[in-house]
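# Okay, predicted coordinates and the sequence, questions at the end:
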Amino acid sequence: MINLFAFLVEKVSLLCKLKVLVFGSAHAHERPTPPRGASSPPPPPSLHRGDLLEVPRTLFTHFGVYLGDDRVAHLIPDILPALTDDRRRLASAVTNGRLIAGCLCRRAAVRVDSLEDFAYGSRILVNRANAGAGSAKRAKALPAEEVARRAEALLGSFPYSLLWNNCEHFVTYCRYGRAASRQTERFCECIKWLIRDRRSILVTGILGIISMLFCGMATSTTLPTILIPFTLWMAG
């Protein structure tokens, strides 16, 4: 039981630290951003057209390409492009409702927003890496002007996938000519580690037995109790 308790604490700790271990960037430099709704000062001289920008969120990092003149091109989930062609409505800032609906319907748009709307109240980081991370780590960064032009050429509606076609894939394609996502790769590695840990089989088995004791012997409780530990055993 002590080992099991330690295993559960380890998993909870891993999930709590997921943002720090997975979604950080060693090449990012912080630039303060004023609160949403406050007047935004002009970009500092250190911010150049073609820079790759990062905005840390709760569980992930959002990416964009700076185009100059306080404008950022970024891919963001948005359901509205699938519903209307009204440019005035599409140009308005993406609300949380539009974003969530876009995620669920797997629709997104590469759009241009102000630094303030892109940051959405968070701090902005400037990625100064000269080579890509993850699967694109051997690729060299393209010239800044070429990066900005690639971003501008991709403006419009796009299919969206949280793991396979997200905002980081967009910016890495613009900068390196090859789409990749360090966040996705690290997340998948984390899932592989959880699956390969044989203690996961014991935990899922115990949880299945508990569900059977409280909910009774039914197909909805018995099958998961058998199939999930068996799948983890075979996958490990």
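Arrived safely.
# which outside residues touch stretch 220-236?
195-198, 200-201, 204-205, 208-209, 211-212, 215 (Cβ atoms under 8 Å, 6 or more residues apart in numbering). Yep, even glycine has a C-beta here, placed from its N, CA and C like the rest.
# low pLDDT regions in the chain?
1-45, 130-138, 232, 235-236 (pLDDT under 70).
# Spatially central residue in it, please.
Per Cα atoms, centre = their mean, the C-alpha nearest to the average position across the chain is that of Phe60, at 4.6 Å.
# What backbone torsions are found at that one?
Note on Phe60: backbone dihedrals following degrees, to the nearest 10 are phi -160, psi 180.
# Which members of the contacts of stretch 220-236 occur in helices, if any?
195-196, 200-201, 204-205, 208-209, 211-212, 215 (DSSP state H).
# Please check the residues you listed and keep the buried ones.
Buried members of the ones in helices among the contacts of stretch 220-236, scored by 16 or more other Cβ atoms under 10 Å, are 200-201, 204-205, 208, 211-212.
# follow-up on the earlier one: for the contacts of stretch 220-236, which one is nearest Leu80?
Proximity of the contacts of stretch 220-236 to Leu80 (Cβ to Cβ) peaks at Ile195, which lies at 37.3 Å.
# can you list the domains in this protein?
Structurally, the chain divides into domains by automatic domain parsing as follows: 2-9+189-235, 24-181.
# Comparing those domains, which comes out most buried?
Ranked by mean neighbour count, those are led by domain 24-181 with a mean of 17 (mean count of other Cβ atoms under 10 Å).
# Sticking with the spatially closest residue to Leu162 that is not a sequence neighbour, tell me its helix or strand.
Excluding the flanking residues, the one nearest Leu162 by Cβ to Cβ, 6 or more residues apart in numbering is Cys103, at 6.7 Å. If you go by DSSP states H and E, Cys103 is part of helix 96-105.
# on contacts alone, who are the packing partners of that helix?
Counting contacts by 3 or more Cβ pairs under 8 Å, 6 or more residues apart in numbering; DSSP states H and E, helix 96-105 packs against strand 71-77.
# contacting residues around the strand it packs on?
In this structure, residues lying in contact with strand 71-77 by Cβ under 8 Å, 6+ apart are 53, 62-67, 94, 98-103, 107-115, 118, 148, 151-152, 154-155, 158, 160, 166-167, 169-171.
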